[in-house]
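Trainee: A predicted structure for the sequence below; I have some questions about it.
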Amino acid sequence: MEYKGKAHVVGENIDTDAIIPARFLVTTDEAELGRHCMSGLEENWVSRVSKGDIMVAGENFGCGSSREHAPVAIKGAGIPVVIAHSFARIFYRNAFNTGLILLEVGDEYQKISDGEMLTVDTEKGTITTAEGVVISCSPVPSFMQEILDAGGLVGYVRKQIGAE
Amino acid sequence: MHRTIAEKILQSKTDQKITGPGQIVRCKLSLVLANDITAPLAIKSFREMGANKVFDKDKVVFVCDHFTPNKDIDSAEQVSVTRSFAQEMGITHYYEGGNCGIEHALLPEEGLVGPWDLVIGADSHTCTYGGIGAFSTGMGSTDIAAGMVLGENWFKVPPSIKVDLHGKMGKYVQGKDVILKLIGTIGVSGALYKALEFGGSGVDKMSIESRLTIANMAIEAGAKAGLFPADKKTLKYTRKAGRSDEEIKPDKFAMYESEIDMEIKGMAPQVALPHLPENVKGVDEVGELEIHQAVIGSCTNGRIEDMRQAADILRGRKVDKHVRCIIIPATPRVWSDCVHEGLMQVFIDAGAIISPPTCGPCLGGHMGILAKGERAISTTNRNFRGRMGSLDSEVILSNPAVAAASAVTGRVTDPRSL
């Protein structure tokens, strides 16, 4: 699948309090959570985002809380893909379970500038910058692909229950 | 194969043969946990999965501890959703109100977790139970929903980092200082996706409370679990909670990805400065930093050992009049012990504010939110920017004795200097 969008570069160790502060955790509504996406980093951060834009980050993105509201808020803000040096473990699982695509690229993320247009091909595993730089990323592990193929963990479990 | 504690526990919960780190295994779960923030989302996923019953009504636990007693209508609705679901499913272990405490302090006390257990919780500090030899780890709500339905989930076998602790801790030094020092050394991503496995003579001498505190903050180094062997001291603790557990220790030639040696004798109390738990210094190196609030409590440091440490400092002293000193015994039992041991009177006489059990200020929920420009010293586990309130506020992490001493002087203070 191909995604095209403007890059929004954030820093290293972006924690789940930055992605969605605790005071907004009184709802499970994706759109409502999306309205407050990254407000722990900067008030109204989300106002600069257009649907389909891509978030780019440094090391350990999503560290902190287990709140699934974090990937849901990013999706709610209209961001389908996050590219980072690396991701925190719980956030990584949560993102796949809820259908947010994560691409881990190590130091290569530094080749992406804030505001530039990116083209992401998740099948080929490539990220192409406006200047034509191509960054490759690791493929999705096969067992996680199984979950994605079932439409996320909800679909995966549905299938399992149906089979039993 | 010579196994680490993590590998031993995972192996005991699966029919697949565990061959080493990186392998994906499906394991049976001992317990599945969620709280008032994460349960509603898990319940939503549970419904979407098309399930109509939980795998075992005795093994799904809901603890409404984050915004409770409910701070507003929205948070009350979340508890209401959780309560109705618990009633519908006939959940045995549902906690709200007077029987409720902070989940990671409550579950070990109630005997709901113990050695050899495999626990998943929709709360990142679920790793706390590693302090008593359980493999426990945080997951998100949808993973918890899958656990509630199937009674199993998948795990990637983690590589382990061995942390050998040597020596006995000095006065006003406890588990919190050990884990802060370690995070200061390896950084907030130093154990990403890995298990931290603690051992050495320092563990033998360490209280169960301190072990729980250390395991609690393993996640702050990115770890999937923080594990302690279950020794005689552990079994004595879990027996009190009504369990009959077996010891667990790693094999002698277990394979570790790396090993860290840490001398804890002579170590000063540690503090983590804003805005990351890895910004660690000895309290004696920090200098004069004014504080406006001191928080003593949370799943990290709200147990009776912590309350005793705080009372030790506050006895016969007064909290500085410009400081809000908030003390939160983590569970009804800790509350009751504080009353019986006379600690409550010490806190009241010192001018502290005593809260019912709640996560409250730890995550900026309620009961102690910081204004712009305010600085807190707190025994909680995270000092991310804006965690306890305004984006322009600051949180410094410490042990209970340091927090109490700082409440007395109004600035970050080494309790050994009082």
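Mentor: Okay, I see it. Numbers count the residues shown, from 1 in each chain, chains lettered A, B, ... in the order given.

Trainee: Which residues does the residue nearest the centre of chain A form beta bridges with?
Mentor: The centre of chain A sits closest to residue A:82, judged by Cα atoms, centre = their mean, with a distance of 3.5 Å. On the basis of DSSP bridges, residue A:82 is bridged to residue A:55, residue A:102.

Trainee: so it touches residue A:109, yeah?
Mentor: No. Between residue A:82 and residue A:109 there is no contact under Cβ atoms under 8 Å: 10.4 Å. For the C-beta atoms, the positions are set from N, CA and C on the backbone; glycine is no exception.

Trainee: Need the overlap of contacts for the two.
Mentor: By the contact definition Cβ atoms under 8 Å, 6 or more residues apart in numbering or on different chains, residue A:82 and residue A:109 are jointly contacted by A:56-57.

Trainee: quick one: the strands in chain A?
Mentor: Assigned by DSSP state E, the strands in chain A fall at A:2-9, A:54-57, A:81-84, A:101-104, A:117-121, A:126-128, A:134-136.

Trainee: can you list the weak-confidence ranges in chain B?
Mentor: Within chain B, no stretch has pLDDT under 70.

Trainee: What segments of it are helices?
Mentor: Counting by DSSP state H, chain B has helices at residues B:5-12, B:39-48, B:73-89, B:103-110, B:141-150, B:175-186, B:201-204, B:208-216, B:232-240, B:298-301, B:304-314, B:332-340, B:343-350, B:400-409.

Trainee: Could I get the ones you listed in a markdown table, plus columns for mean neighbour count?
Mentor: Listed next are those as a markdown table, based on neighbours: other Cβ atoms under 10 Å in any protein chain shown:
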| stretch | mean neighbour count |
| --- | --- |
| helix B:5-12 | 23 |
| helix B:39-48 | 23 |
| helix B:73-89 | 17 |
| helix B:103-110 | 26 |
| helix B:141-150 | 27 |
| helix B:175-186 | 25 |
| helix B:201-204 | 17 |
| helix B:208-216 | 27 |
| helix B:232-240 | 16 |
| helix B:298-301 | 30 |
| helix B:304-314 | 24 |
| helix B:332-340 | 17 |
| helix B:343-350 | 19 |
| helix B:400-409 | 29 |
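
Trainee: Pipe these into CSV and attach distance to chain A per row.
Mentor: As requested, the helices of chain B are exported to CSV (distance: least, Cβ to the nearest Cβ, whole Å):
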stretch, distance to chain A
helix B:5-12, 14
helix B:39-48, 5
helix B:73-89, 3
helix B:103-110, 12
helix B:141-150, 4
helix B:175-186, 12
helix B:201-204, 25
helix B:208-216, 13
helix B:232-240, 25
helix B:298-301, 12
helix B:304-314, 22
helix B:332-340, 23
helix B:343-350, 26
helix B:400-409, 21
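
Trainee: Let me have the strands of chain A in JSON lines, adding distance to residue B:304 and mean pLDDT as columns.
Mentor: Shown next, in JSON lines, are the strands of chain A (distance: least, Cβ to Cβ, whole Å; pLDDT from 0 to 100):
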{"stretch": "strand A:2-9", "distance to residue B:304": "47", "mean pLDDT": "96"}
{"stretch": "strand A:54-57", "distance to residue B:304": "41", "mean pLDDT": "98"}
{"stretch": "strand A:81-84", "distance to residue B:304": "41", "mean pLDDT": "96"}
{"stretch": "strand A:101-104", "distance to residue B:304": "42", "mean pLDDT": "92"}
{"stretch": "strand A:117-121", "distance to residue B:304": "52", "mean pLDDT": "95"}
{"stretch": "strand A:126-128", "distance to residue B:304": "52", "mean pLDDT": "95"}
{"stretch": "strand A:134-136", "distance to residue B:304": "53", "mean pLDDT": "95"}
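
Trainee: Which one of these lies nearest to residue B:57?
Mentor: strand A:101-104 (34.8 Å; Cβ to Cβ).

Trainee: which helices and strands sit right next to that closest one?
Mentor: Secondary-structure packing of strand A:101-104 (3 or more Cβ pairs under 8 Å, 6 or more residues apart in numbering or on different chains; DSSP states H and E): strand A:81-84, helix A:89-98.

Trainee: Check what contacts that strand and list those residues.
Mentor: With contact meaning Cβ under 8 Å, 6+ apart, strand A:101-104 is reached by A:3, A:80-87, A:92, A:95-96, A:120, A:122, A:125, A:127, A:137-138.

Trainee: Buried ones in the helix or strand of chain A with the lowest mean pLDDT, by neighbour count?
Mentor: Scoring the helices and strands of chain A by mean pLDDT, DSSP states H and E places helix A:142-149 at the bottom, with a mean of 75. Judged by neighbour count (16 or more other Cβ atoms under 10 Å in any protein chain shown), helix A:142-149 contains these buried residues: A:144, A:147-148.

Trainee: excluding its backbone neighbours, what's nearest residue B:396?
Mentor: In this structure, residue B:396 finds its nearest non-sequential neighbour in residue B:377, 4.7 Å apart by Cβ to Cβ, 6 or more residues apart in numbering or on different chains.

Trainee: That neighbour is in contact with residue B:406, isn't it?
Mentor: Yes. Between residue B:377 and residue B:406 there is a contact under Cβ under 8 Å: 4.7 Å.

Trainee: hey, what's in contact with both of those two?
Mentor: Joint contacts of residue B:377 and residue B:406 (Cβ under 8 Å, 6+ apart) are B:291, B:294, B:398, B:412.

Trainee: dump the residue contacts of the closest residue to residue B:71 other than its chain neighbours.
Mentor: Among residues not flanking residue B:71 along the chain, residue B:366 sits closest, at 4.0 Å (Cβ to Cβ, 6+ apart). By Cβ under 8 Å, 6+ apart, the contact set of residue B:366 is B:67, B:71, B:358, B:360.

Trainee: Many thanks, have a good one.
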